[in-house]
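Novice: Structural data only, the sequence is not supplied:
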């Protein structure tokens, strides 16, 4: 029977043998007691993590001593994040990647870590063991390839891979969604099946020559889906080479830019339409005895509002302010049509009521159901300073006296244009304008400007501004009406076009008006 001394000796030999075996293992092995103090570390651990003196450091110093980092190779681990510390709290770690950089490994090394807590017969954690090994370049490369594969599978851009002869070997899910072709339908095919229309042999030859020279190609082309629908793609085709520099494959990344190109084309058309429309809003003419101005501020790129100064026979000036239902490009087209009709009938020498009657008949034929135009048309005799007008469903105009009171309200005499056939509009009695009076014509974009808490600026707000600033020029007044309407609306978006025309009858010679309103 073995004595206690003999058993102790045998256990000592076994422990020494186990230590020798652990020393020879290619993986690093570390053992810590319940307080986190390292009790054992083998040769591989010292080679990976640092010299023996460093390993003997206190657990709270390991981060600084070892240089333990997260996989990003930048963010240091805190002492509580160290693997053995986590295991002593009961956590098991399997195949976690960390990065080590220290004096003995200045270039740094990625390691794979497995850590287990060890428990006594009472299930209390009394130690922890860590096994670590260097992750080879091949392992990292495999992980990178797997990650890259996931990225290619999940990105929104279409990806197509061909062999060096141009035969399709792989397409990602985004390609299938973009083109309508499944992977099995295009495998072994040429990418030319995506081309819209007949292939261009010269383009194909230039493309192939450039790719074979090793240079990537970027172009925006038109493709055709499986359904026959055409779409625009921005594609980049790049050659893939082996280590010897020989081309083995070609990869194409495709982005559907149809919506972007359509939006860009629409924006160009809107800018062009706006430029053309602005030419309709000519500079107000210079007329002796009067100060005239008009301005339109669209809610969109183009406006459905209309203002005009039209020369009429017998030394008269036509003044028009109109508003097409809605705003934007469609309303701008109707506005242009209305303007053309007004000019045509005005050139025939018709009176304002006759102009409205004829324009209405034309618009009833041209416009669809529910589309209409409101229009206030005035005729000003420049010699006698007399004014007549007719209105088609438009908001009232006003003639303000020198001291600000409303002396005349210009009401419409019929419904909006374009709704009802055979409507006749009537002309107002003649109004003689006096020196200092101001004629104001507006669209409802001015009066219906709404404050953030509710409530419209209204005609009272617009006329209040004119009264306060009545000594300003007509140009300052139309600009100020817009600014004050938008100031009243605060942070609210401009929902409608804002247009106004102001005609000031110049005061008699020698009048000295004082400004009561800041610029």
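Specialist: Cool, got the structure. All of these numbers come straight from a predicted model, not from anything done at the bench. Numbering: from 1, shown residues only.

Novice: Tell me the bridge partners for the residue nearest to residue 39 when sequence neighbours are not counted.
Specialist: If you skip the residues right next to it in sequence, residue 39 has residue 31 as its closest partner in space, 5.0 Å away by CB to CB, 6 or more residues apart in numbering. Placement of C-beta: from N, CA and C, glycine included. With beta bridges defined as DSSP bridges, residue 31 has these partners: residue 40, residue 129.

Novice: From residue 172, how far off is the residue nearest the centre of the chain?
Specialist: Against the mean C-alpha coordinate of the chain, by CA atoms, centre = their mean, the closest residue is residue 260 at 10.8 Å. To residue 172, residue 260 is 21 Å away according to CB to CB, to the nearest Å.

Novice: re the thing from before, give me the phi and psi for the residue nearest to the centre of the chain.
Specialist: Listed backbone geometry of residue 260 is phi -70, psi -40, with angles given as degrees, to the nearest 10.

Novice: sorry, back to before: distance check, the residue nearest to residue 39 against residue 88.
Specialist: When CB to CB is the yardstick, residue 31 and residue 88 sit 12 Å from each other.

Novice: Buried residues, stretch 81-98. List them.
Specialist: Neighbour-count burial for stretch 81-98, counted by 16 or more other CB atoms under 10 Å, picks out 82-88, 93, 98.

Novice: Kindly report the same for stretch 225-238.
Specialist: By neighbour count, with 16+ other CB under 10 Å as the criterion, the buried positions of stretch 225-238 are 231-235, 237-238.

Novice: again, but for stretch 424-440
Specialist: Applying a neighbour-count criterion of 16+ other CB under 10 Å, one finds 425, 427-428, 431, 433, 436-440 buried in stretch 424-440.

Novice: In contact with the residue nearest to residue 88 when sequence neighbours are not counted, which residues?
Specialist: Counting by CB to CB, 6+ apart, residue 128 is the residue found nearest to residue 88 once chain neighbours are left out, at 5.0 Å. Contacts for residue 128 (CB atoms under 8 Å, 6 or more residues apart in numbering) come out as 31-32, 84, 87-88, 115-118.

Novice: And the next helix or strand past the helix or strand of the chain with the lowest mean pLDDT?
Specialist: For the chain, counting by mean pLDDT, DSSP states H and E, helix 62 ranks last in confidence among helices and strands (a mean of 54). Next helix or strand after helix 62 toward the C-terminus (DSSP states H and E): strand 68-69.

Novice: Identify the residues contacting that following strand?
Specialist: Here strand 68-69 makes contact (CB under 8 Å, 6+ apart) with 62, 75-77, 81-82, 98-101, 108.

Novice: For that strand, give the mean pLDDT please.
Specialist: Averaging pLDDT along strand 68-69 gives 88.

Novice: residues near residue 135, how many?
Specialist: Residues near residue 135, counting by other CB atoms under 10 Å, number 19.

Novice: picking that back up, how close does the residue nearest to residue 88 sit to residue 160?
Specialist: Residue 128 sits 51 Å away from residue 160, going by CB to CB.

Novice: can you tell me the helix or strand for residue 331?
Specialist: helix 329-347.

Novice: quick one: that helix to chain centroid distance?
Specialist: Taking CA atoms, centre = their mean, to the nearest Å, one finds helix 329-347 lying 34 Å from the centre of the chain it belongs to.

Novice: Mind telling me what element residue 408 is part of?
Specialist: In this structure, residue 408 is located in strand 406-410 according to DSSP H and E.

Novice: Which element is encountered next along the chain beyond that strand?
Specialist: Using DSSP H and E, the helix or strand that follows strand 406-410 in sequence is strand 431-432.

Novice: residues in contact with residue 90?
Specialist: Residues touching residue 90, when contacts are defined by CB under 8 Å, 6+ apart, comprise 117, 125.

Novice: Just say helix, strand or coil for it.
Specialist: Under the three-state scheme (DSSP: H, G, I helix; E, B strand; the rest coil), the conformation of residue 90 reads as coil.

Novice: helices and strands around whichever strand or helix holds residue 222, which ones?
Specialist: Using DSSP H and E, the secondary-structure element containing residue 222 is strand 217-224. Under the contact definition 3 or more CB pairs under 8 Å, 6 or more residues apart in numbering; DSSP states H and E, strand 217-224 sits against helix 201-212, strand 230-241.

Novice: worst average pLDDT in the ones you listed?
Specialist: Mean pLDDT values for the helices and strands packed on strand 217-224 show the minimum at helix 201-212, a mean of 65.

Novice: so residue 47 sits in a helix?
Specialist: Yes. Checked against three-state DSSP, residue 47 lies within a helix.

Novice: Kindly state the domain boundaries assigned to this structure.
Specialist: Per the record, the chain has its domains at 20-135, 155-256, 283-505, by automatic domain parsing.

Novice: Residue 219 and residue 260, how far apart?
Specialist: Remark: distance between residue 219 and residue 260 (CB to CB) = 15 Å.

Novice: all strands in the stretch 401-519 of the chain, in order from the N-terminus.
Specialist: For the stretch 401-519 of the chain, applying DSSP state E, counting those that start in this stretch gives strands covering 406-410, 431-432, 438-442, 498-505.

Novice: Now do the helix or strand where residue 353 lies: everything it contacts.
Specialist: Under DSSP H and E, the secondary-structure element containing residue 353 is helix 352-366. Residues external to helix 352-366 that are found in contact with it (CB under 8 Å, 6+ apart): 318, 337-338, 341-342, 345-346, 350, 372-373, 375, 377-379, 388-392, 413-414, 417-427.

Novice: repeat that with 7 Å
Specialist: Helix 352-366 has contacts (CB atoms under 7 Å, 6 or more residues apart in numbering) with 337-338, 341-342, 345-346, 350, 373, 375, 377-379, 388-390, 392, 417-418, 421, 423-427.

Novice: ok, the buried residues of stretch 424-440 vs residue 25, which is closest?
Specialist: Taking CB to CB as the measure, residue 25 lies nearest residue 440 of the buried residues of stretch 424-440, at 96.1 Å.

Novice: Wait, that closest one touches residue 404, no?
Specialist: No. When contacts are counted by CB atoms under 7 Å, residue 440 is not listed as touching residue 404 (11.5 Å).

Novice: what about stretch 312-327, average pLDDT?
Specialist: Looking at stretch 312-327 alone, the average pLDDT works out to 89.

Novice: coming back round to it: what angle sits between the strand holding residue 408 and strand 438-442?
Specialist: With axes from the mean of the first three to the mean of the last three CA atoms, to 10 degrees as the basis, strand 406-410 and strand 438-442 are set at 40 degrees to each other.

Novice: what distance separates strand 406-410 from the middle of the whole chain?
Specialist: Going by CA atoms, centre = their mean, the spacing between the C-alpha centre of strand 406-410 and its chain's C-alpha centre is 47 Å.

Novice: Could you please name the strands it pairs with and the direction of each pair?
Specialist: Per DSSP bridges, strand 406-410 is paired in its sheet with strand 397-400 (antiparallel).

Novice: Now for residue 108: which residues touch it?
Specialist: Under the criterion of CB under 7 Å, 6+ apart, the contact list for residue 108 reads 73, 99-101.

Novice: These: which two are farthest apart?
Specialist: Using CB to CB, the contacts of residue 108 reach their maximum pairwise distance at 73 and 100, which is 9.8 Å.

Novice: between those two, which one's more packed in?
Specialist: Taking neighbours as other CB under 10 Å, residue 73 and residue 100 compare with residue 100 leading, 20 against 12.

Novice: Give me the distance between that one and residue 45.
Specialist: With distances defined as CB to CB, the gap from residue 100 to residue 45 amounts to 11 Å.

Novice: Same check on residue 84?
Specialist: Taken as CB to CB, the span from residue 84 to residue 45 is 11 Å.

Novice: Residue 364 now?
Specialist: As it turns out, when the distance is counted by CB to CB, residue 364 lies 94 Å from residue 45.

Novice: Which one's more surrounded, those two?
Specialist: Applying other CB under 10 Å to residue 364 and residue 45 shows that residue 45 carries more neighbours, namely 26 against 16.
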